[in-house]
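Trainee: Coordinates only, no sequence provided:
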Ligand SMILES: [Zn+2]
């Protein structure tokens, strides 16, 4: 279910109506109860209402690096992992083509960059001649 924040907050016994913070509290599964301090962002003082976010390229990069914890899930790391898996799957397929192994082959989707070998010549070309 999609969360749709309530726009207004009525406080002081119905005497004050103000813009409500649109932040969603995961811990309590509800919208923040504080009034927003900024019309543009609709966020309270606790949820970064005064902040408009990083403006410069350096600022954006600094925030990104601060949020980076291990680098295991960056696009570069995912691409490298995918290529390595594809290479391993191609090696397995080559072993089957050369009758080096018997039994069932691994099933399922092949990784990006996987190319099926049709002949021994292609295997030699891909993995080197030595
Ligand atoms: Zn808030």
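Mentor: That came in fine, so what should we check first? Predicted model only: the values in this text are computed from it and were never measured.

Trainee: where does the protein dip in pLDDT?
Mentor: 1, 129-130 (pLDDT under 70).

Trainee: Run through the strands of this protein in chain order.
Mentor: For the chain, the strands defined by DSSP state E cover 8-11, 16-19, 24-25, 30-31.

Trainee: List the strands paired with the last one, with their directions.
Mentor: Strand 30-31 has the following strand partners under DSSP bridges: strand 24-25 (antiparallel).

Trainee: The partner strand vs the ion: in contact?
Mentor: No - judged by C-beta under 5 Å from the ion, strand 24-25 and the ion are separated, with a smallest distance of 8.0 Å. C-beta coordinates here come from the backbone N, C-alpha and C atoms, glycine included.

Trainee: starting at the chain centroid, how far to that strand?
Mentor: A distance of 20 Å separates the centroid of the chain from that of strand 24-25, by C-alpha atoms, centre = their mean, to the nearest Å.

Trainee: Same question for stretch 108-123.
Mentor: Relative to its parent chain, stretch 108-123 has a centroid offset of 28 Å by C-alpha atoms, centre = their mean.

Trainee: neighbouring contacts of it?
Mentor: With contact meaning C-beta atoms under 8 Å, 6 or more residues apart in numbering, stretch 108-123 is reached by 82, 83, 85, 86, 87, 89, 90, 93, 94, 97, 98, 126.

Trainee: Please spell out which residues along it are buried.
Mentor: Within stretch 108-123, the residues that count as buried by 16 or more other C-beta atoms under 10 Å are 111, 114, 117, 123.
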